[in-house]
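[1] pasted the sequence and its predicted model underneath.
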Amino acid sequence: MTHIITGLCLRHGGCMEKCPVDCIVSGQPVDDWPTYYIDPETCIDCGACVPACPYNAIWPEANVPEPLKADIQPNYDYFAKGPGYRARGS
Ligand code: SF4
Ligand code: SF4
């Protein structure tokens, strides 16, 4: 299991600083990847990022609300098909 960043993310960045395994990245380029994303292969499901988000954008995958379920897959895609960690710092 993993946590998921949904489309409610406004790129405020607080979650990234709380992650003990450093698996949250800002999507780049922003036009293609508009939110932050969690690497599902590395996330340990600790939940530390959840209270750091002022927009309630982060959910355990199993609890993502129905209207936001389409936002699950981009977290996987960003690391499997997109820039993933390579875009870090850009
Ligand atoms: S998920 Fe929340 S805390 Fe993390 S970058 Fe997006 S808005 Fe900020
Ligand atoms: S649940 Fe824990 S390990 Fe997963 S992204 Fe959030 S802070 Fe990182």
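    Alright, I've got the coordinates. Residues are numbered from 1 along each chain as shown. Ligands and ions are numbered 1, 2, ... in the order given.

[2] share the number of residues neighbouring the closest residue to residue 62 other than its chain neighbours, please.
    Using CB to CB, 6 or more residues apart in numbering and skipping the chain neighbours, the partner closest in space to residue 62 is residue 1 (6.6 Å). (Each C-beta comes from the backbone N, C-alpha and C, glycine too.) Neighbouring residues of residue 1 were enumerated by other CB atoms under 10 Å; the total is 10.

[3] could you check how far residue 82 is from ligand 2?
    To ligand 2, residue 82 is 17 Å away according to CB to the nearest ligand atom, to the nearest Å.

[4] from residue 11, how far out is that residue?
    As judged by CB to CB, to the nearest Å, residue 82 and residue 11 stand 16 Å apart.

[5] show me which of the two is the more surrounded one.
    The neighbour count for residue 82 versus residue 11, taken as other CB under 10 Å, is higher for residue 82 (18 against 13).

[6] so that one touches residue 33, yeah?
    Yes - assessed by CB atoms under 8 Å, residue 82 is found in contact with residue 33 at 6.2 Å.
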